[in-house]
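Chemist: need a structure here:
(one chain, ligands or ions: 2)
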Amino acid sequence: MKSECKQYTALLPAAGIGSRMQASLPKQYLRLGEQTILETTAKVFLSHPAIKNLIIVLHPNDTWFYQLPLAKDGRINTVVGGDERADSVLAGLKAAKQDEWILVHDAARPCITQSDISKLISAVEQQQCGGILATQVRDTMKRGADGKIAQTVSREQLWHALTPQMFKVKQLKDNIQNALLTGTAITDEASAMEWANCPVSLVTGRSDNIKVTCPEDLALAKWFISQQQNEEEI
Ligand SMILES: Nc1ccn([C@@H]2O[C@H](COP(=O)(O)OP(=O)(O)OP(=O)(O)O)[C@@H](O)[C@H]2O)c(=O)n1
Ligand SMILES: C[C@](O)(CO)[C@H](O)COP(=O)(O)O
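Modeler: Numbering: from 1, shown residues only. Ligands and ions are numbered 1, 2, ... in the order given. Below you'll find the predicted structure:
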């Protein structure tokens, strides 16, 4: 029985092909120990007291999801995604209740913690405007091309945008649709809200909330998750 706190839907875009991972199957189905990246991510949300259900967005040719025990969970609804991440998120938003808040989280970010999910929800509930988890840039940042540095960019106000990103369903859906129609590049939900001049809160999240993107990320994600389990046992 979930606690009395307000409950939300989480939308997991999982319709990518993971080309940068150079694996034999889409990266969300690579294993982190006993379970896949997708199962790991989904279970963090499904066991969070403020998450009531999931919308998981699948590639049209996905043959893996329904082989997972997770597929039998009645709290999960699946929809078919599109060519780009924004198209997949849009497909998921169309299947959500339009008057609710929703948390959009990359299936490829399995190191998300319940505490960071709670932190984002609390900030959005308090400020009543959308928000994203993010971490401040720590390295000196360079702009460059063709193997040459063009300039050093001040890192003072630079953040890594993470997920989940939490917004009102209808507002986010409309803004993504309209932004895409103008040819604006929408690589995260916040960029569509920014396009519409909507305020978006930056909520500091854990830097181990990495997106498994390249081959070396898999071992790092496994290690981060093992460290988080040790933290929980303390
Ligand atoms: N058309 C797409 C593209 C991406 N995603 C999802 O969006 C998240 C972040 O995208 P990314 O890391 O870029 O995944 P891929 O697109 O699969 O990776 P690549 O760009 O290396 O192919 C992933 O969970 C991915 O499954 C999606 O649902 N639909
Ligand atoms: C949404 C995101 O994870 C925020 O950093 C990122 O934009 C996804 O980019 P990708 O190229 O689709 O991995």
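Chemist: how near is residue 89 to residue 182?
Modeler: According to C-beta to C-beta, to the nearest Å, residue 89 and residue 182 sit 17 Å apart. C-beta coordinates here come from the backbone N, C-alpha and C atoms, glycine included.
Chemist: now residue 139
Modeler: Applying C-beta to C-beta, one obtains 33 Å for the distance of residue 139 from residue 182.
Chemist: What's the end-to-end length of stretch 192-199?
Modeler: 11 Å (C-alpha to C-alpha, to the nearest Å).
Chemist: Equivalent analysis for stretch 45-57, please.
Modeler: Distance across stretch 45-57, first residue to last, is 15 Å (C-alpha to C-alpha).
Chemist: how about it, does it get close to ligand 1?
Modeler: Yes: Stretch 45-57 lies within reach of ligand 1 by C-beta under 6 Å from any ligand atom, at residue 57.
Chemist: So that stretch, near ligand 2 or not?
Modeler: No: among the residues of stretch 45-57, none lie within reach of ligand 2 under C-beta under 6 Å from any ligand atom; the closest is 12.4 Å away.
Chemist: avg pLDDT for that stretch?
Modeler: Summarised as a single mean, pLDDT over stretch 45-57 is 98.
Chemist: swap in stretch 204-211?
Modeler: Stretch 204-211 carries an average pLDDT of 98.
Chemist: What segments of this structure are strands?
Modeler: In the chain, the strands defined using DSSP state E lie at 8-14, 31-32, 35-36, 51-58, 76-80, 101-104, 131-136, 141-145, 148-153, 159-168, 201-204.
Chemist: now the angle from the fifth one to strand 8-14?
Modeler: Put plainly, it is strand 76-80. Here strand 76-80 points in a direction 40 degrees away from that of strand 8-14 (axes from the mean of the first three to the mean of the last three C-alpha atoms, to 10 degrees).
Chemist: what angle separates strand 76-80 from strand 51-58?
Modeler: Between strand 76-80 and strand 51-58, the angle formed by their directions is 30 degrees, by the same axes, to 10 degrees.
Chemist: Quickly run through the sheet partners of strand 76-80, with directions.
Modeler: Partners of strand 76-80 in the sheet, by DSSP bridges, are strand 51-58 (parallel).
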